[in-house]
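Prediction below, plus the sequence it came from.
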Amino acid sequence: MFSPAQHLDLALVALGEIQYIDKAIEELKSEEYVVQVDAIWRLARFKTKESYRKLYELLDDETNRATSRDTHSIVRTLADVTKDELLATVEDPPKGKDAHDTAAWKAWFAKNKQPIE
């Protein structure tokens with residue numbers, strides 16, 4: 001599903017090339033849903049303060065991005081995509097019914113301040 005270029009971005013960020021974080025954040029403004037989802041995937045794996053701050057903001061993005069051409073597909077909110085990517089990438093995430101609860105994720109960030117402070 002994801003290309004080698006995305007993994008290259010991860011390696012470059014790990015080496016200090018922070019412009020790839022800015023690029024992913026900018027891609028969240030795209031009108032293409034798949035571009036936005038890809039950007040969230042990378043931000044969750046960059047594991048930097050800046051990327052976690054943006055993911056924290058996205059927890060509140062419940063905007064319906066479905067368009068008339070999406071009639072045969074499910075278009076989830078960026079908040080839901082963010083929660084799924086955080087579930088896959090952080091230690092001790094909210095579980096059970098809290099796994100997709102915004103308040104539970106905000107409590108997780110309050111408890112685990114090091115990613116964003």
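That came in fine, so what should we check first? Quick caveat, the model's predicted, so the values are computed rather than measured.

The chain: helices as residue ranges?
4-14, 19-27, 33-46, 49-58, 78-89, 102-111 (DSSP state H).

Could you tell me the least trusted of those?
If the helices of the chain are sorted by mean pLDDT, helix 4-14 sits at the bottom with a mean of 71.

what angle separates it from helix 19-27?
Angle, helix 4-14 to helix 19-27, by axes from the mean of the first three to the mean of the last three C-alpha atoms, to 10 degrees: 120 degrees.

Dump the helices of the chain to CSV, plus distance to Glu117.
For the C-beta atoms, the positions are set from N, CA and C on the backbone; glycine is no exception. Putting these into CSV (distance: least, C-beta to C-beta, whole Å) gives the following:
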stretch, distance to Glu117
helix 4-14, 19
helix 19-27, 17
helix 33-46, 16
helix 49-58, 7
helix 78-89, 17
helix 102-111, 10
